[in-house]
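*Asks:* from the sequence below, what's the structure:
(one chain, ligands or ions: 3)
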Amino acid sequence: MEDPAGVSGQSQTFLLQVLDTLPAAAYTCDVTGLITYCNRNAVDVWGRTPRINDPADRFCGSYRLYYSDGRVMPHDECWMARTLKDQASYNGQEVVIEQPNGAIRWALAHANPMLDAEGRLLGASNVLVDITERKRFEEQLAYQASHDSLTGLANRSKLLESLDQALADAERRGEPFALMILDLDGFKRINDTFGHEAGDAVLMQMRPRLQKVVSRHDLVARLGGDEFGIVLRGADEARARRVAAAILASIALPMTVGDRRLTVGASLGIATWPNEGRNASDLLRHADMAMYSAKRSRTGLEVYADSQPTTIPHEHSLACELSRALEQGAMELHYQPIVDLASWDVVGVEALVRWPHPERSLIHPIDLMPLVESHGLSTQLDQWVFVEAMRQQRAWRDRGLLLELSVNLSIESLLDDRFLNTMLELIEESPPYRMTVELSERSVVSDPGRAQQSLDRFRTLGVRVALDDYGTGYSGLDHVKLLTVDEVKLDRSFVRGLPGSTTDARIAEAVLSLSHALGLVVTAEGAEDDEALDWLVAHGCDRVQGFCLSEPLPPDRLVAWLESTDRTTRRSVAEFLLEG
Ligand code: C2E
Ligand code: CA
Ligand code: CA
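*Replies:* Residues are numbered from 1 along each chain as shown. Ligands and ions are numbered 1, 2, ... in the order given. Model (predicted):
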């Protein structure tokens, strides 16, 4: 090794030993920047030791140097060069060194001019303290503070930051942008039925699905639970809608979790700058309201509009009241007649729940079911409905009125052993006169195997099974093949458009021919006028249910309706409607 300061003999050996024990890179250079000495630990920061007296390593020329903000540091501007130029100390600035193999080290650089006895400049002594580990830790902390640990997506505070940035840019350039809030549908059900690990796995699969659709300038964040936020830079409403549709399609693809195939849906709300909000809090509130509204109406996607109700009902207190109402059985069932299209007989009724809220008007399922689902009250509700509807059916039978009873069942209840056993016992003890359980097609896609096992237990007891909302499931028409059922209920979204909409007519025809080929009864829901009814008769639909015959009615009004329709022919139904 070179003699750094002209010391010699024993004291030099001692000094070099001390320098080698320093937990830092210590080295010297001459006035031209040639390296004249370096200690053993210099290798840590430099990757290899700088070469002594090698012009290639002048001012460490064979390494790339950077300032801490990432700018390249020219070699003649580095700490040694500056110290030699200014003949002054350079103290503890953060620098970044790129080693020959590309590895990056952070260091605090110190440099001091070395002078001889006459005060002439000999060179510089330099010390680099490696702070890479500390830097990594700081970066990790910063990352954790702005990211969600489960999905690795940005978190709420990062989204707010990005929103502020987008607002500043938008105001400067007058360029629109959109905020989306997305909430998974039925996520609680996955958590409750398959466990939190399955729930976590579903959330983790959201990251690639969402990021695949957005561009790299956009930000996707998990806001908590099963809620996500997306900032779409430069997007107007049209682009936001396109991205939203792609997101919904991407989420709807089945996913593999453990050995199961699951499907989840989502509801999405959009608010764009500047029309639907000029600041972050308005945009967030409006996107949230639009999402809430999409969830309620099951449309999947909604853009905020001023017409939207400005107050979201106090969900929590409403849920408490609902839970109490369920315990006290303070709910109502209305019954909608189902008519056989060959004989025009009223063959049965579907029980549909309503909540007579003490201060509001009657709360209908469109507002009630999201509350029930999100607060885990589905099974409690279904149990009450089953017991009450069966009691009502018995009461009618005692009066000589034989009506098949259809009840809706949520998938949570179907997969809940306690519920299932209790209900099956009840059915065995006092068998109903014909009963059908209706299960929404959308709800079974997540685990058709388990659903079938439970449905089979109903079928063994003579209870029929209907696939509800048929045609709205995500995977086309093959659920009837996957499940053994007795009936499909063609969703009212297709029936509404009959006969005018050719798409609806084609879907209805396909459902009818497929179902009939499989020997299933088809009930069309939501027939609102005679044209739809005529089409259904002409195309061989078996049963119908809809406002053109009757709305769901409370039990006493249903009996009055049945009596007035007498033999329940189509003509008498029409007469009844005329009477008002
Ligand atoms: P759903 O099982 O498809 O029930 C049929 C819905 O269509 C009912 O809405 C009924 O009022 C409506 N409807 C019938 N005919 C027409 C028509 O001609 N035009 C239009 N526009 N609508 C018609 P409702 O009673 O609001 O129920 C909505 C959904 O809530 C039901 O859809 C069902 O999925 C759920 N639901 C209702 N009651 C219960 C229940 O007791 N338990 C469970 N688990 N779900 C229920
Ligand atoms: Ca139904
Ligand atoms: Ca339905």
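*Asks:* what pLDDT, on average, does whichever helix in the chain runs longest get?
*Replies:* Ordering each helix of the chain by length in residues (DSSP state H) puts helix 378-398 first. What helix 378-398 shows for mean pLDDT is 95.
*Asks:* need the next SSE after it, C-terminal direction.
*Replies:* Going down the chain from helix 378-398, the next helix or strand is strand 404-409, by DSSP states H and E.
*Asks:* and that next one, does that touch ligand 3?
*Replies:* No. Shown here: strand 404-409 not in contact with ligand 3 (CB under 5 Å from the ion), separated by at least 8.1 Å. Where C-beta positions appear, they are placed from N, C-alpha and C, glycine not excepted.
*Asks:* send me the longest helix of the chain as PDB with only the CA atoms.
*Replies:* Output of helix 378-398 as PDB, limited to C-alpha atoms (Å, rounded to 0.1, in the frame of the first residue of the first chain):
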ATOM      1  CA  SER A 378     -79.300 -13.100   4.900                       C
ATOM      2  CA  THR A 379     -79.800 -16.400   6.800                       C
ATOM      3  CA  GLN A 380     -81.800 -14.700   9.600                       C
ATOM      4  CA  LEU A 381     -84.100 -13.200   6.900                       C
ATOM      5  CA  ASP A 382     -84.500 -16.400   4.900                       C
ATOM      6  CA  GLN A 383     -85.300 -18.400   8.000                       C
ATOM      7  CA  TRP A 384     -88.100 -15.900   9.000                       C
ATOM      8  CA  VAL A 385     -89.400 -15.900   5.400                       C
ATOM      9  CA  PHE A 386     -89.500 -19.800   5.200                       C
ATOM     10  CA  VAL A 387     -91.300 -20.200   8.500                       C
ATOM     11  CA  GLU A 388     -93.800 -17.400   7.800                       C
ATOM     12  CA  ALA A 389     -94.500 -18.400   4.200                       C
ATOM     13  CA  MET A 390     -95.100 -22.000   5.100                       C
ATOM     14  CA  ARG A 391     -97.400 -20.900   7.900                       C
ATOM     15  CA  GLN A 392     -99.300 -18.800   5.400                       C
ATOM     16  CA  GLN A 393     -99.500 -21.600   2.900                       C
ATOM     17  CA  ARG A 394    -101.000 -23.900   5.600                       C
ATOM     18  CA  ALA A 395    -103.500 -21.200   6.500                       C
ATOM     19  CA  TRP A 396    -104.600 -21.000   2.900                       C
ATOM     20  CA  ARG A 397    -104.800 -24.800   2.600                       C
ATOM     21  CA  ASP A 398    -107.000 -24.900   5.600                       C
END
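*Asks:* and it, how far out from the chain's middle?
*Replies:* The chain centroid and the centroid of helix 378-398 are separated by 35 Å under CA atoms, centre = their mean, to the nearest Å.
*Asks:* can you check stretch 104-123 too?
*Replies:* On CA atoms, centre = their mean, the centre of stretch 104-123 falls 58 Å from the chain's centre.
*Asks:* list the buried residues for that stretch?
*Replies:* For stretch 104-123, burial by neighbour count (16 or more other CB atoms under 10 Å) applies to 105, 106, 107, 108, 109, 110, 111, 112, 113, 114, 122, 123.
*Asks:* doesn't the third one lie inside a strand?
*Replies:* Meaning residue 107. Yes. Assessed by DSSP: H, G, I helix; E, B strand; the rest coil, residue 107 belongs to a strand.
*Asks:* the most centrally placed residue in the chain - nearest residue in space that isn't next to it in sequence?
*Replies:* The centre of the chain sits closest to residue 184, judged by CA atoms, centre = their mean, with a distance of 4.0 Å. Spatially, and ignoring its direct neighbours in sequence, residue 184 is nearest to residue 226 (4.0 Å; CB to CB, 6 or more residues apart in numbering).
*Asks:* identify the residues contacting the closest residue to ligand 1 within the stretch 301-450 of the chain.
*Replies:* Nearest to ligand 1, among the residues of the stretch 301-450 of the chain, is residue 365, at 3.1 Å (CB to the nearest ligand atom). Residues near residue 365 by CB atoms under 8 Å, 6 or more residues apart in numbering: 352, 353, 354.
*Asks:* cool, and residue 552?
*Replies:* By CB under 8 Å, 6+ apart, the neighbours of residue 552 are 334, 335, 336, 350, 352.
*Asks:* among these, which pair sits farthest apart?
*Replies:* Using CB to CB, the two most remote members of the contacts of residue 552 are 334 and 350, lying 9.2 Å apart.
*Asks:* so for the two, which sits in the more crowded spot?
*Replies:* residue 350 (25 against 19; other CB atoms under 10 Å).
*Asks:* quick check: which element contains the more buried one?
*Replies:* Counting by DSSP H and E, residue 350 is part of strand 346-356.
*Asks:* what packs against whichever strand or helix holds residue 557?
*Replies:* Applying DSSP H and E as the criterion places residue 557 in helix 555-565. The elements that helix 555-565 packs onto, with contact taken as 3 or more CB pairs under 8 Å, 6 or more residues apart in numbering; DSSP states H and E, are strand 332-340, strand 346-356, helix 570-579.
*Asks:* contacts for the first one, please.
*Replies:* By CB under 8 Å, 6+ apart, the residues outside strand 332-340 that reach it are 345-356, 362, 385, 388-389, 392, 404, 406, 523, 542-545, 549-555, 558, 561-562, 568, 573.
*Asks:* for the longest one, same thing?
*Replies:* Judged by CB under 8 Å, 6+ apart, the contacts made with strand 346-356 from elsewhere in the structure are 322, 325, 330-340, 362-365, 368, 381, 385, 388-389, 392, 403-408, 434, 436, 438, 543, 545, 552, 558, 562, 565, 568.
*Asks:* given it, what are its sheet partners and their directions?
*Replies:* strand 332-340 (antiparallel), strand 362-363 (antiparallel), strand 404-409 (parallel) (DSSP bridges).
*Asks:* and that strand, how far from the chain's centre?
*Replies:* On CA atoms, centre = their mean, the centre of strand 346-356 falls 33 Å from that of its chain.
*Asks:* check the first one too.
*Replies:* If you compare the mean C-alpha spot of strand 332-340 with that of the full chain, they lie 35 Å apart, counting by CA atoms, centre = their mean.
*Asks:* got the angle for that strand vs helix 378-398?
*Replies:* Going by axes from the mean of the first three to the mean of the last three CA atoms, to 10 degrees, strand 332-340 is angled at 60 degrees with respect to helix 378-398.
*Asks:* wait, residue 84 sits on residue 123?
*Replies:* Yes. Using CB atoms under 8 Å, residue 84 is in contact with residue 123, at 7.3 Å.
*Asks:* shared neighbours, the two?
*Replies:* Common neighbours of residue 84 and residue 123 (CB under 8 Å, 6+ apart) are 29, 31, 113.
*Asks:* residues in this structure within reach of ligand 3, list them.
*Replies:* Residues of the chain lying near ligand 3 (CB under 5 Å from the ion): 468, 469, 525.
*Asks:* least confident of those?
*Replies:* Lowest pLDDT among the residues of the chain next to ligand 3: residue 469, 87.
*Asks:* packing partners of the helix or strand hosting that residue?
*Replies:* Here residue 469, judged by DSSP H and E, is contained in strand 464-470. Helices and strands touching strand 464-470, by 3+ CB pairs under 8 Å, 6+ apart, are strand 435-440, helix 441-444, helix 448-460, helix 479-482, strand 487-490.
*Asks:* from the stretch 251-400 of the chain, which residue is nearest to ligand 3?
*Replies:* Going by CB to the ion, ligand 3 is nearest to residue 350 of the stretch 251-400 of the chain, at 8.6 Å.
*Asks:* beta partners for that residue?
*Replies:* What pairs with residue 350, by the bridge criterion (DSSP bridges), is residue 336, residue 406.
*Asks:* do the same with residue 362
*Replies:* Under the criterion used here (DSSP bridges), residue 362 is bridged to residue 356.
*Asks:* what about it, how many residues nearby?
*Replies:* When neighbours are counted by other CB under 10 Å, residue 362 comes out with 12.
*Asks:* per-residue pLDDT, it?
*Replies:* So residue 362 comes in at 87 (pLDDT).
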